[in-house]
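# This is the structure alone, sequence omitted:
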């Protein structure tokens, strides 16, 4: 996992919960199912938690996408397992992945953006990787991931742990602020307004913390309150787009 060696993560609840999930899955009873699911809305810090956890626990980590296929998924898995040029049929690739994973069954496989494949029949490949190797496979995706997996009972009933991601709260905000705005004090009114208007979306909070750092630099102030920031309207939230009307 050398490409994640420089990953830093504020000690937020989702980061800690996901790290605990990885440990539980790696140390579970071998007779228990090996799938887990970490799910929640976009922007809630799931991928950051996953990359941090992957680095900490030497997990293999892959990301799915809109055009992921069974072959491309297995090729990505094998690359993470140090097989750079996978050859053969899908079945050949699957058998090789299972063989390598079985040699180190406490090493998790993390599949991020799994909602892209959760409604496709080849999601069962992930169940097979876990069942036949004994290694844990953790699926990460958006909030509909559990419902999507219900389409495939053999996958759904192998999920041992369901972990919902949580929105950022005041304690998480303080950790993020300390991590992103070193040397800057964020006044209580600004912190509360950002939490309320972003609805705890970590990604949007990080954007606003970046703007706070810019404001501090421009104004020369070390304490930034809501008025100095520009008021509630200056907080970055979902943009309201007004369509143009052409004659």
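Perfect, I can see it now. These figures come from a predicted structure and were not determined experimentally.

# Okay, buried residues for the longest helix along the chain please.
If you go by DSSP state H, the chain has its longest helix at helix 202-219. Of all the residues in helix 202-219, those buried under the rule 16 or more other Cβ atoms under 10 Å are 202, 204-209, 211-213, 215-216. C-betas here are computed from N, CA, C, even on glycine.

# secondary structure class for the residue positioned nearest the centre of the chain?
Nearest to the geometric centre of the chain sits residue 47, at 2.0 Å (Cα atoms, centre = their mean). State at residue 47, reduced to three classes by DSSP: H, G, I helix; E, B strand; the rest coil: helix.

# Wait, it touches residue 165, no?
No. Between residue 47 and residue 165 no contact is recorded; they are 10.3 Å apart, counting by Cβ atoms under 8 Å.

# Tell me which stretches of this structure form helices.
Under DSSP H, the chain gives helices at 13-26, 46-57, 70-80, 90-102, 124-133, 145-149, 153-156, 170-180, 188-198, 202-219, 226-229.

# Indicate which one of those is closest to residue 33.
Of all the helices of the chain, helix 124-133 sits nearest to residue 33, with 7.6 Å by Cβ to Cβ.

# gap between the closest one and the chain center?
21 Å (Cα atoms, centre = their mean, to the nearest Å).

# For that helix, which helices and strands make contact with it?
Judged by 3 or more Cβ pairs under 8 Å, 6 or more residues apart in numbering; DSSP states H and E, helix 124-133 is in contact with strand 35-39, helix 70-80, helix 90-102, strand 109-112, strand 137-141, helix 153-156.

# Tabulate those in TSV, adding columns for distance to residue 179, mean neighbour count and mean pLDDT.
As requested, these are exported to TSV (distance: least, Cβ to Cβ, whole Å; neighbours: other Cβ atoms under 10 Å; pLDDT from 0 to 100):
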stretch	distance to residue 179	mean neighbour count	mean pLDDT
strand 35-39	21	24	98
helix 70-80	27	20	96
helix 90-102	34	17	97
strand 109-112	22	25	97
strand 137-141	22	28	97
helix 153-156	36	15	95
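
# would a markdown table of those with distance to residue 183 be doable?
Below are those laid out as a markdown table (distance: least, Cβ to Cβ, whole Å):
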| stretch | distance to residue 183 |
| --- | --- |
| strand 35-39 | 33 |
| helix 70-80 | 38 |
| helix 90-102 | 45 |
| strand 109-112 | 33 |
| strand 137-141 | 34 |
| helix 153-156 | 48 |
